[in-house]
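1. All I have is the shape, not the residue letters:
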């Protein structure tokens, strides 16, 4: 998989993140200018037009090439990452088994199931949802499945489907973050998790350290969804690192997503523009320059018929700020457009380090499992276009 030990690979990524810390450890929305001391880099970023920025946003490889001279260690590090390729077993899946599962999700669970060849251990499906993954594994490999899920309605739906298909899949209504979840982990077992969010898959790893299931297969997701303000490293090496990672820092690992349709992209760009336009208005109304986040809101606020003034009034209510009787909408929309350009410039450089951050987090998990006596490997489970979170951690007790 790698020419070096996992420890050496981790230390290389850790050193790189520390060396270039000023270029990734910041929040673009909180900046009012390009914050870097490298004037040549600042000038090059400022001289990019919007068409060039868009091209680089859509092609991270081109961005790495363009900025390689400023970060000489980055490109070699990116190129030395070689997870094992997924095995394609061409397991037949009848159409009725994946009814109601969207295309990308169906491809993900198919690829996951195909890695479980010659499996004879009972399966524990962690954070199962409706149990799509467990159902497919049970069908393909004739294995009993215990599926843990905290939403009772999903348990009921999944159990009904399993019963209809006469599959040995048993759902358990269970909050995996509660102590009672550990009763479901057994030594003679293979625990699987596909895109369980941050704290949820961390909990599985921590429990595995105590209960030692024979095998683990985990495809992590949403590293920033943790219960504390800062990340608590798992492995000895990560604990020794000088890096301190906030939830904002962890978001960098999942900042890149599969390209959405044109309508979704348009709505997203308008949302960012309006949020930044509102920030300019808020700063003037409150005479403060610090950034203040807004809650998530439905995309209907940014539809073609929506008005910025309505969004700004809602935002003022969220921040308990008096909404002005009148204001120059166009002025603040123009200010927002300028800030949006700045955010895109900042993210062009920051996102160069996205894969390094994600690998650091993956390697922390792998090293932790090694410390618990597991043999550990990394696999590229499916193409990036199927899901950017496409790396599978596979662990087996020595």
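-> Structure's in. What do you need? Keep in mind that this is a model prediction, so the values were computed, not measured. Numbers count the residues shown, from 1 in each chain.

2. those helices in the stretch 251-398 of the chain, which residues are they?
-> Along the stretch 251-398 of the chain, the segments classed as helices by DSSP state H, counting those that start in this stretch run 262-286, 308-318, 329-350, 354-371.

3. Residue 49 is nearest to which of those helices?
-> helix 329-350 (10.0 Å; Cβ to Cβ). All C-beta spots, glycine's among them, are computed from the backbone N, C-alpha and C.

4. pLDDT of the closest one, averaged?
-> The average pLDDT for helix 329-350 rounds to 97.

5. Going by neighbour count, which residues in that helix are buried?
-> 332-333, 335-336, 339-350 (16 or more other Cβ atoms under 10 Å).

6. For residue 308, grab the count of nearby residues.
-> For residue 308, the neighbour count with other Cβ atoms under 10 Å is 20.

7. That one: what's it in contact with?
-> Residues near residue 308 by Cβ atoms under 8 Å, 6 or more residues apart in numbering: 274, 277, 329, 332, 333.

8. ok, residue 139 touching residue 92?
-> No - Residue 139 lies out of contact with residue 92 (Cβ atoms under 8 Å); the separation is 9.6 Å.

9. higher neighbour count, the two?
-> residue 139 (20 against 8).

10. that older thread, can you lay out the contacts of residue 308 as TSV showing distance to residue 128?
-> Below are the contacts of residue 308 laid out as TSV (distance: Cβ to Cβ, whole Å):
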residue	distance to residue 128
274	37
277	42
329	47
332	46
333	45
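
11. Widest-spaced pair of those residues?
-> Using Cβ to Cβ, these span at most 10.5 Å, a distance reached by 274 and 329.

12. intersection of neighbour lists for the two?
-> Contacts common to residue 274 and residue 329, judged by Cβ under 8 Å, 6+ apart, are 308, 312.

13. returning to that earlier point: so which of the helices of the stretch 251-398 of the chain is nearest residue 393?
-> With Cβ to Cβ, the closest approach to residue 393 among the helices of the stretch 251-398 of the chain belongs to helix 354-371: 5.9 Å.

14. Contacts for that closest one, please.
-> 6-7, 9-10, 13-14, 16-17, 24, 60, 74, 77-78, 81, 205, 208-209, 216, 218, 220, 223, 233-238, 243, 249-250, 252-256, 376, 378, 391, 393, 395.

15. Are any of those residues buried, and if so which?
-> 6, 9-10, 13-14, 16-17, 24, 60, 74, 77-78, 81, 205, 208, 216, 218, 220, 223, 233-235, 237-238, 249-250, 252-256, 376, 378, 391, 393, 395.

16. Tell me which of the residues you listed fall in helices.
-> Mapping the buried ones among the contacts of helix 354-371 onto helices (DSSP state H) picks out 6, 9-10, 13-14, 16-17, 60, 74, 77-78, 205, 208, 237-238, 249-250.
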